[in-house]
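**Q** Need coordinates for the following:
(2 chains)
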2 protein chains.
Amino acid sequence: MKKILVNLGDRSYDVLIGKGIISRLPKLLKGIVGTPKVLLITSQSINRLYGKQIAKLLKGSRFEVTVCLLPEGETAKAERQLFRIYSTALKAGLDRFSGMVALGGGAVGDVAGFAASTYLRGVAFINIPTTLLAQVDSAIGGKTAINLKEAKNLVGTFYQPRLVLSDIDLITSLPKREYLSSIGEIIKYGVIASPSLFRYLENNASGLLKRKPAVLEKVIAESSLIKAKVVEMDERELTGFRAILNYGHTFGHAYEKVAGYGALRHGEAVAVGMCEAARLAEKKMLLKPLDRIRIENLVEKLQLPTTTGKRSLSPRLLREAMMKDKKKKGKEVRYILPIRIGKVIPVAIDPYSLF
Amino acid sequence: MKKILVNLGDRSYDVLIGKGIISRLPKLLKGIVGTPKVLLITSQSINRLYGKQIAKLLKGSRFEVTVCLLPEGETAKAERQLFRIYSTALKAGLDRFSGMVALGGGAVGDVAGFAASTYLRGVAFINIPTTLLAQVDSAIGGKTAINLKEAKNLVGTFYQPRLVLSDIDLITSLPKREYLSSIGEIIKYGVIASPSLFRYLENNASGLLKRKPAVLEKVIAESSLIKAKVVEMDERELTGFRAILNYGHTFGHAYEKVAGYGALRHGEAVAVGMCEAARLAEKKMLLKPLDRIRIENLVEKLQLPTTTGKRSLSPRLLREAMMKDKKKKGKEVRYILPIRIGKVIPVAIDPYSLF
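**A** This next block holds a predicted model:
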């Protein structure tokens, strides 16, 4: 098992990564909450796979577990679901010293974290991410969110969990395409901050594709550490430092949106976005051709797309999508571009010059 | 004008108290927000009295003001209103560097503060309380809240405003009963923390009843200072220190609930509650009879009730209401009892022993 400390003063917490570590939950939880009442927030499918077993585990340690089931995917983040969590918590008698445990992917973690940050002005939040993407990204850093009809993630809080449990056993059942698309974010960490992680991925691509536990533990821990360090530097996205996490995402979000949500998975769109940002960096003489090639090769080796392929995405719609990007400043958009493996910088560019 | 600093590290802010200080808003706001877009959140009646004039003032300084009107009273804190604020902010184009300004009583401040703390994970919040009660109590300290169908204030955040403007001109139009009931909270500050404020109230009761600006500025500033000090000691209600603010409230909430909301105003119920707590403290030999008499006399002098009067409130219902109090620990309820003017202590008592 590996332990990463997210060091944020009185909001510090551990991220534990390992095989079968879910069994430690009851003991860890006892050190966090002050009442036996726990709300387990999960989805129908995850509940069937792991939720029931975890509830049993907790009940065996005298916790009183109430389960709140959310719909699958992004609909879990609707207003209605948030208020269902509040009502369920109230009915179950959760007080200020109780805990809410999220068990699921990014969407479940986002809405459960928001509920925990606002129920009785904040109760202990424990996150057990069940996707590789959530383990290396959204579970760490304290961003919570719900969706409005008008826009995704428009409402949320910065609220750090008290514990993140990344159990490798939970991600062995992920469908192949979902698993692969999460690897895009892991490559990202290598490019933005860690030449050694990048090299490790180049050398262990087949182990990662085969989901070897030792390789997974290593790359999840390295990714978590980088995410933790970035969050420590810029917890509330104020200094701009946290923006380096957007490498591949300004292009990626635009591809996702213009291709239609679902056509390209988030991680796939980010993979293409990282390659596109690398090609742009090379064109601007910021990145050596060899490094651009290493990025494209690693993306390909990990079975992710390096271009949008045969999809013909409208340049006008891509530009518009980028101009709406939250990170926009004036008429230019700030792209995060690599200058070598392990280092990125923000560059303001008018998207009209790109397409 | 008086200025009170609420000292909370990087969440510190000023509370400004004085006559006509609203005119300083545009200049102060420019030091806080990074965009000209401002959402002014208020109620229909307050908008008529002051909102339009404030919007004009801001527009005169090149702010782009969008007004979001909420219904009067507690209904402003309904889920539906919160989501109306989000939609209005989004439509108006508020971004992370914009500001939300609350103009109204406690309910408007509570929901506007909650919206500001969660819209785009937090935008600058400026509170302009228009009731005496909000000026001396809810506007300071960062508690925000909305109501669920099931219970009041069940959902909220701790989110400090960036500025509180307590303009005395705004409270001259308050209806007499509302004005008087707010004075209950001011007496409370004297009993819990300030013999000198208590003495000042004894000596200036008639000036306060006549709403003399000099007297108002003095008592609002003193009350704000005490509230600020309590909040600095226990920002998130974790150490228990903030509980001293509940003096008069455990009884008060029960009276309010059992008499039926509206029959007794909050401040009136708190006034009776403070007297009842003083009588209980005397019975327990914690408070000298003379101090109990001073408390009852001041409450009476300021035209507030010292008993529930001819109302016959069911002891069973009062007990039940107290047992449901959020501050309950086990079977006993923690009452805040005065031990002299200027000092209170928490005492755990079984409510079954009281009625």
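**Q** Any chance you could note which residues of the stretch 101-250 of chain A sit beside chain B?
**A** A:114, A:117-122, A:143-145, A:148, A:150-151, A:154-158, A:236-237 (CB under 8 Å from any CB of the partner chain). C-beta here means a position set from N, CA and C on the backbone, and glycine is covered the same way.
**Q** Select only the buried ones of the residues you listed in PyMOL?
**A** A single PyMOL command is used to select the members of these judged buried by 16 or more other CB atoms under 10 Å in any protein chain shown:
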select buried, chain A and resi 114+117+118+119+120+121+122+143+144+145+148+154+155+156+157+158+237
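**Q** Show only the entries of the residues of the stretch 101-250 of chain A next to chain B found in helices.
**A** Among these, the members falling in helices (DSSP state H) are A:114, A:117-118.
**Q** ok, of these, which one's closest to residue A:15?
**A** residue A:117 (18.4 Å; CB to CB).
**Q** which ones are touching that closest one?
**A** Residues near residue A:117 by CB atoms under 8 Å, 6 or more residues apart in numbering or on different chains: A:125, A:144, A:157, A:159, B:157.
**Q** Show me where the stretch 1-150 of chain A has its helices.
**A** For the stretch 1-150 of chain A, applying DSSP state H, counting those that start in this stretch gives helices covering A:25-30, A:44-46, A:52-60, A:79-92, A:106-118, A:132-133.
**Q** what angle separates the fifth one from helix A:79-92?
**A** Taking axes from the mean of the first three to the mean of the last three CA atoms, to 10 degrees, one finds that helix A:106-118 is oriented at 50 degrees with respect to helix A:79-92.
**Q** For residue A:191, identify the helix or strand it belongs to.
**A** helix A:176-193 (DSSP states H and E).
**Q** Let's verify residue A:275: helix, strand, or coil?
**A** With DSSP: H, G, I helix; E, B strand; the rest coil as the basis, residue A:275 sits in helix.
**Q** Quick check, it in contact with residue A:306.
**A** Yes - counting by CB atoms under 8 Å, residue A:306 is a contact partner of residue A:275 at 4.4 Å.
**Q** any idea which helix is longest in chain A?
**A** Longest helix in chain A, counting by DSSP H: helix A:213-233.
**Q** same for it, what does it pack against?
**A** strand A:2-6, strand A:13-18, strand A:163-167, helix A:176-193, helix A:195-203, helix A:205-209 (3 or more CB pairs under 8 Å, 6 or more residues apart in numbering or on different chains; DSSP states H and E).
**Q** again, only using 6 Å
**A** In this structure, helix A:213-233 makes packing contacts with strand A:2-6, strand A:13-18, helix A:176-193, judged by 3 or more CB pairs under 6 Å, 6 or more residues apart in numbering or on different chains; DSSP states H and E.
**Q** mind listing what's buried in that helix?
**A** A:215-228, A:230-232.
**Q** go on, stretch A:187-201?
**A** A:187-194, A:197-198, A:200-201.
**Q** what does stretch A:293-313 give?
**A** So, applying 16+ other CB under 10 Å, buried residues of stretch A:293-313: A:294-296, A:298-299, A:302, A:304-306, A:308, A:313.
**Q** Save these as CSV, and put in secondary structure too.
**A** Below are the buried residues of stretch A:293-313 laid out as CSV (three-state DSSP):
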residue, secondary structure
A:294, helix
A:295, helix
A:296, helix
A:298, helix
A:299, helix
A:302, coil
A:304, coil
A:305, coil
A:306, coil
A:308, coil
A:313, coil
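**Q** quick one: least confident of those residues?
**A** Least confident of the buried residues of stretch A:293-313 in the model: residue A:313, at 87.
**Q** Dihedrals phi and psi, the residue located most distally from the centre of chain A?
**A** Relative to the centre of chain A, the most outlying C-alpha is that of residue A:62, 31.6 Å out, by CA atoms, centre = their mean. With angles defined as degrees, to the nearest 10, residue A:62 shows backbone torsions of phi 70, psi 20.
**Q** number of nearby residues for residue A:270?
**A** 30 (other CB atoms under 10 Å in any protein chain shown).
**Q** same for the helix or strand in which it is found, what does it pack against?
**A** Applying DSSP H and E as the criterion places residue A:270 in helix A:266-283. Applying 3+ CB pairs under 6 Å, 6+ apart, one finds that helix A:266-283 contacts helix A:176-193, helix A:249-259, helix A:289-301, strand A:333-340.
**Q** Distance to residue B:351 added to these, as TSV?
**A** Listed next are the helices and strands packed on helix A:266-283 as TSV, based on distance: least, CB to CB, whole Å:
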stretch	distance to residue B:351
helix A:176-193	54
helix A:249-259	56
helix A:289-301	66
strand A:333-340	59
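**Q** Out of those, which gets nearest to residue A:168?
**A** Of these, the one closest to residue A:168 (CB to CB) turns out to be helix A:176-193, at 12.0 Å.
**Q** What are the contacting residues of stretch A:259-274?
**A** Defining contact as CB atoms under 6 Å, 6 or more residues apart in numbering or on different chains, one finds that stretch A:259-274 is touched by A:181-182, A:184, A:248-249, A:251-252, A:255-256, A:299, A:304-305, A:308, A:311.
**Q** now do 7 Å
**A** Residues from elsewhere that reach stretch A:259-274 (CB atoms under 7 Å, 6 or more residues apart in numbering or on different chains): A:133, A:177, A:181-185, A:187-188, A:191, A:247-252, A:255-256, A:295, A:299, A:304-308, A:311, A:313.
**Q** Stretch A:79-89 now?
**A** So stretch A:79-89 is contacted by A:39, A:41, A:66, A:68, A:70-71, A:111-112, A:114-115, A:119, A:146, B:79, B:83, B:148, B:150, B:154-155 (CB under 7 Å, 6+ apart).
**Q** and what of stretch A:239-255?
**A** For stretch A:239-255, contacts defined as CB under 7 Å, 6+ apart pick out A:188, A:191-192, A:230, A:233-234, A:264, A:269-270, A:272-274, A:276-277, A:308, A:313, A:318, A:321-322, A:325, A:327, A:333-336, A:344, A:346.
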